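>>> sequence below, structure please.
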Amino acid sequence: MINELGAWFIFFCPLLAFVVIGVFVWPFIGKKSKLSGYITIAAISCSTILSFWALGSVIHNGHSIEFDSHNWVKIQNIEINIGIMLDGLTTIMLVVVSSVSLLVQIYSTGYMKNDGGYSRYFTYMSLFTASMIGLVLASNLIQMFVFWELVGASSYLLIGFWFNKPAAAAAAKKAFIVTRLGDFGFLLAILYLFFNSGSFLANGLNPFEVSDINNAIALGVISSSVAGWVAVGMFAGAMGKSAQFPFHTWLPDAMEGPTPVSALIHAATMVAAGIFLVARFFPLFEASKEAMMVVALVGGVTAIFAASIGLVQNDIKRVLAYSTISQLGYMMLALGVGAYSAAIFHLFTHAFFKALLFLTAGSVSHSVGGTFDMRYMGGLRRLMPWTYAAVMIGGLSLSGIFPMAGFWSKDEILNHAWHSSSVVSDVVFWLAIIAAFMTSFYMFRAIFMTFEGKYKGGAKSDPSMDVSEETTPHESPRVMIVPLILLSIATLTVGWLVNPLTNIGSIPIHWFADFIHIGDGHEKVLAFNKILAVIASLVAVSGILLAYLMYVSKFRIFDSLQNKTNKVYKLLISKYYFDEFYEDVITRQVFYSRFAAYLDAIDKSFIDGIVRTIDRVSRNIGRLIAQLQTGQLQGYGVVTSFGVLLLFGIYLIFR
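Next up, the predicted model:
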């Protein structure tokens, strides 16, 4: 069984890589030193091995393992310890974060090899991975919040990695500000627990310990209303990190960072943090029907909202970005209807096939000269066979086609939504079905535009790219292809871990649900619904067929369809004008014109008024004192005599 030192080194390995590269390699050996990549890969390889050891230990142990031996700080009567919590959820997340991050780092050595900030890139990536691992391992809320903020800071550095590009710098600031809005809700939830800590302490519980917070519900220490308010605050933080409506606008712009960064953010780190937070405190959410309803509705709306925007995007990375937002909505929807294990399993499978899709997008861009605009691609299927095979596997999994990983996780979510007793279950079920159709359509629209037809010139044909030489498409180097192969294998196989049909060798039926089970009464394991699985598959296949008819076959209906629904197309391509609303109305008209004007008026009338008043009083006092300075000796003698008499009188009174 893994010991405490081994558990801590899951976190310390990438953290040490961050320190070594940032302090020694980057400043002294070189900004483009290949040693940076090797150190990062070695460190995260160790974390991956230790993560699998932790997973095996929890499986063997049969229950969670906690290490809470390090006292951090004491606030009033509340002791905050630095500790580690290893349970089913933690170890699954550790395996996802470390293994996907490892493959992304290997891929990055090829993708970033000519970049001038090579060492800086791996410094930030090491910190990013360490921050996410620290968040997952945390056994208390304060420790979790620290790493939660470090994840945000790391993503800011990586999204704005090419800070000389105005778009990248703006995207980094946007991501940081939007996620801070959600984090304010998370902070309020922590403060609410602190100010209601008396009931915890009276029952021997710590209001900041994860296990104590979840146990407080079962023990009746806090009421459902208190649980609801805390859950809503936490959910606000999760909405920001996981780009849920209406905090979704930062994630598509985050594509300005390097493609491997996008793969890690979208697959296993930042956006997964919000889902992890809700799952970690699931008993708290489950205690409040209102909180669960909010989670389900926000997830369902986000799923269909983002999918609809993805229908018309021409940048392949933005298609995948809106796909991520939509799939995160699926996970929130699942949590909202009580499908805890289904949501975590979809997070698990999504990490592999979304990382695969983003890395294939990077492979394509690398091949065609740097553009991501699918209108200037096409005809790459025969030129990039490995990449094409990988993107087909990822696309089929995202669409939920049997036997890919996405089929099993999506089917579990739909099954729970169909059987849920939630008052919004019918609404979110049909939202999920419609989103499933849109998902398969936009994914295969992207695949067909990129790989079918004739090659359209790549970066040279893209007017937004400053490329003068013709680019000949080619398959990516081996160091970039190997991660694609490994992620493809994972996408083909990990779905069977949910195993709702029968025992497969040593993997029993419903193994995954049983492994991350959080206690009796929290979730009902449902039998595999064949009819629903067939319906969902037909919906997905119909989306693929429509994409084929519109973009591959001679029966081209896209132009006529666009003309008939011109206003709808403009609405979707403008992303429902949310960016314009936030930037023009909220930021410029409300914040700059009104709020800033009020602050300016307060500054000039109140703050400056205080300063001017002090100035006038000081001048008047000075003039009064100046009048006493007559320059006549007899006047000074009178004042001195009066002072001596005054002091003598005080002495007589108080002696």
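
>>> lowest mean pLDDT among the helices and strands of this protein, which one is it?
For the chain, counting by mean pLDDT, DSSP states H and E, helix 558-564 ranks last in confidence among helices and strands (a mean of 57).

>>> helix or strand right after the helix of greatest length in the chain?
For the chain, the helix with the greatest residue count under DSSP state H is helix 166-195. Past helix 166-195, heading to the C-terminal end, the next element that is a helix or strand (DSSP states H and E) is helix 198-202.

>>> give the other helices and strands that that following helix contacts.
Under the contact definition 3 or more Cβ pairs under 8 Å, 6 or more residues apart in numbering; DSSP states H and E, helix 198-202 sits against helix 210-218. Bear in mind the C-beta positions are built from the backbone N, C-alpha and C, glycine included.

>>> okay, buried residues for the helix it packs on please.
For helix 210-218, the buried set under the neighbour-count rule, 16 or more other Cβ atoms under 10 Å, comprises 210-217.

>>> adding distance to M144 and pLDDT, write those residues out as TSV.
Converted to TSV, the buried residues of helix 210-218 look like this (distance: Cβ to Cβ, whole Å; pLDDT from 0 to 100):
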residue	distance to M144	pLDDT
V210	7	86
S211	13	85
D212	13	86
I213	11	87
N214	13	85
N215	17	85
A216	17	85
I217	18	83
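
>>> following the least confident helix or strand of the chain, which helix or strand comes up?
On the C-terminal side of helix 558-564, the nearest following helix or strand under DSSP H and E is helix 566-573.

>>> what does that following helix contact?
308-309, 311-313, 562, 577 (Cβ atoms under 8 Å, 6 or more residues apart in numbering).

>>> distance to V226 for the buried residues of helix 210-218 - can I get that in a markdown table?
Supplementary listing: the buried residues of helix 210-218 in a markdown table, determined by distance: Cβ to Cβ, whole Å:
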| residue | distance to V226 |
| --- | --- |
| V210 | 17 |
| S211 | 18 |
| D212 | 14 |
| I213 | 11 |
| N214 | 14 |
| N215 | 14 |
| A216 | 9 |
| I217 | 10 |
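
>>> what's the most distant pair in those residues?
Considering Cβ to Cβ, no two members of the buried residues of helix 210-218 lie farther apart than V210 and I217, which are separated by 12.5 Å.

>>> for this structure, which strand is longest?
If each strand of the chain is counted by residues according to DSSP state E, the longest one is strand 65-75.

>>> could you say what helices and strands the next helix-or-strand element following that strand packs with?
Using DSSP H and E, the helix or strand that follows strand 65-75 in sequence is strand 78-86. When contacts are defined as 3+ Cβ pairs under 8 Å, 6+ apart, strand 78-86 packs onto helix 4-20, helix 35-61, strand 65-75, helix 118-137, helix 141-159.

>>> wait, which of the ones you listed is closest to A527?
Set against A527 and scored by Cβ to Cβ, the helices and strands packed on strand 78-86 come closest in helix 35-61, at 24.2 Å.

>>> between the closest one and strand 65-75, how many degrees?
Here helix 35-61 runs at an angle of 110 degrees relative to strand 65-75 (axes from the mean of the first three to the mean of the last three Cα atoms, to 10 degrees).

>>> pull the distance from helix 35-61 to the chain's centre.
For helix 35-61, the separation from the chain centroid amounts to 22 Å (computed by Cα atoms, centre = their mean, to the nearest Å).

>>> buried sites along that helix?
Residues of helix 35-61 classed as buried by neighbour count (16+ other Cβ under 10 Å): 35-37, 39-41, 43-55, 57-58.

>>> surely G117 touches K31?
Yes. The pair G117 and K31 qualifies as a contact (Cβ atoms under 8 Å) at a distance of 6.5 Å.

>>> neighbours of A291, how many?
Residues within reach of A291, counting by other Cβ atoms under 10 Å, total 24.

>>> gap between it and A342?
Applying Cβ to Cβ, to the nearest Å, the value for A291 to A342 is 18 Å.

>>> again with F276
For F276, the distance to A342 equals 15 Å [Cβ to Cβ].

>>> what mean pLDDT does the host helix or strand of V104 get?
In this structure, V104 is located in helix 88-111 according to DSSP H and E. This predicted structure assigns helix 88-111 an average pLDDT of 91.

>>> now it and helix 118-137, what's the angle there?
Direction vectors for helix 88-111 and helix 118-137, defined by the same axes, to 10 degrees, enclose an angle of 170 degrees.
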